[in-house]
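Enquirer: Kindly generate the corresponding structure for this input.
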Amino acid sequence: MTVTHVQVPQDAVHLLPQTKHLRAIHTILRDRHAKRKDFVPNSAHVMRQLIEAGLELFPFEPLDVQTPVGRTYHGLRLATEICGVSVVRAGDSMEAELRTMMPEVRLGKILIQRDRTTKQPRLYYSALPADIAQRHVLLLDPMLATGGTALAAIDVLCERGVPEEHIVFVNLLSSPEGIRTVHERRPRVRMVTSSIEERLDENAYMQPGIGDFGDRYFGTDLAV
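Expert: Sure, this is the predicted structure:
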């Protein structure tokens, strides 16, 4: 699967290398009979790769350190403060992985739900660091389907003063339609994903898809 078939600039969408190991993990995640004991840790494995890829898009600066044997290592460090913002609820799963990788990272939350009447995304809640306008942001949501929720969340960040080019949207699965929609409205936002799906069906479900990620991850799809 390549990025070119979604017809946006190559630097706008960063697709994880489609290795055999990644495909094997996706095989577990997409299996409708997968147990949570398999679904959750395998999701976490891919999320860590996605977050690493997202961090690669932020600016770094040189940093020299002395090694235990008295040599100088010419290294790097992030040149900016960052913030993770999860789109509740499914994005909370990715927030947990970011916190594991960077325990002191600042975190924000945005709750957006689709209005049952208008079918448009509606903001219900947001809690963001006061200085978020001075930070680069990893926006976390496992699914990019139509792009409506993603754009609503990006709008919240931009209204708080975050430049588009400082936002990296990290997701597990993306539809071509969602990628195009986000890029057309917010062309300087970059996206990182582990899979670009074939299409959306008539009900806006991704094909071949993974089902409702939040339900599967948190176990709310299970019968009592």
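Enquirer: which residues touch residue 52?
Expert: residue 101 (Cβ atoms under 8 Å, 6 or more residues apart in numbering). Heads up, the C-betas are built off the backbone N, CA and C, glycines and all.
Enquirer: Okay, and the residue nearest the centre of the chain sits in which element?
Expert: For the chain, the residue nearest the mean C-alpha position is residue 170 (1.9 Å; Cα atoms, centre = their mean). When elements are defined using DSSP states H and E, residue 170 is found to belong to strand 167-174.
Enquirer: ok, and what's touching that strand?
Expert: The contact list for strand 167-174 (Cβ under 8 Å, 6+ apart) reads 13, 43, 46-47, 50-51, 53-54, 57-58, 94, 136-144, 150, 154, 157-158, 182, 186, 189-197, 206, 209-210, 213.
Enquirer: Please flag which of those residues sit within helices.
Expert: Using DSSP state H, the members of these that fall in helices are 43, 46-47, 50-51, 53-54, 94, 150, 154, 157-158, 182, 213.
Enquirer: Could you dump those into JSON lines with neighbour count, distance to residue 83 and pLDDT added?
Expert: Formatted as JSON lines, these follow (neighbours: other Cβ atoms under 10 Å; distance: Cβ to Cβ, whole Å; pLDDT from 0 to 100):
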{"residue": "43", "neighbour count": "23", "distance to residue 83": "22", "pLDDT": "98"}
{"residue": "46", "neighbour count": "21", "distance to residue 83": "22", "pLDDT": "98"}
{"residue": "47", "neighbour count": "24", "distance to residue 83": "17", "pLDDT": "98"}
{"residue": "50", "neighbour count": "24", "distance to residue 83": "17", "pLDDT": "98"}
{"residue": "51", "neighbour count": "22", "distance to residue 83": "13", "pLDDT": "98"}
{"residue": "53", "neighbour count": "18", "distance to residue 83": "17", "pLDDT": "98"}
{"residue": "54", "neighbour count": "25", "distance to residue 83": "12", "pLDDT": "98"}
{"residue": "94", "neighbour count": "29", "distance to residue 83": "13", "pLDDT": "97"}
{"residue": "150", "neighbour count": "28", "distance to residue 83": "17", "pLDDT": "96"}
{"residue": "154", "neighbour count": "23", "distance to residue 83": "14", "pLDDT": "98"}
{"residue": "157", "neighbour count": "26", "distance to residue 83": "9", "pLDDT": "98"}
{"residue": "158", "neighbour count": "16", "distance to residue 83": "14", "pLDDT": "98"}
{"residue": "182", "neighbour count": "25", "distance to residue 83": "19", "pLDDT": "97"}
{"residue": "213", "neighbour count": "22", "distance to residue 83": "22", "pLDDT": "95"}
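Enquirer: Thank you, goodbye.
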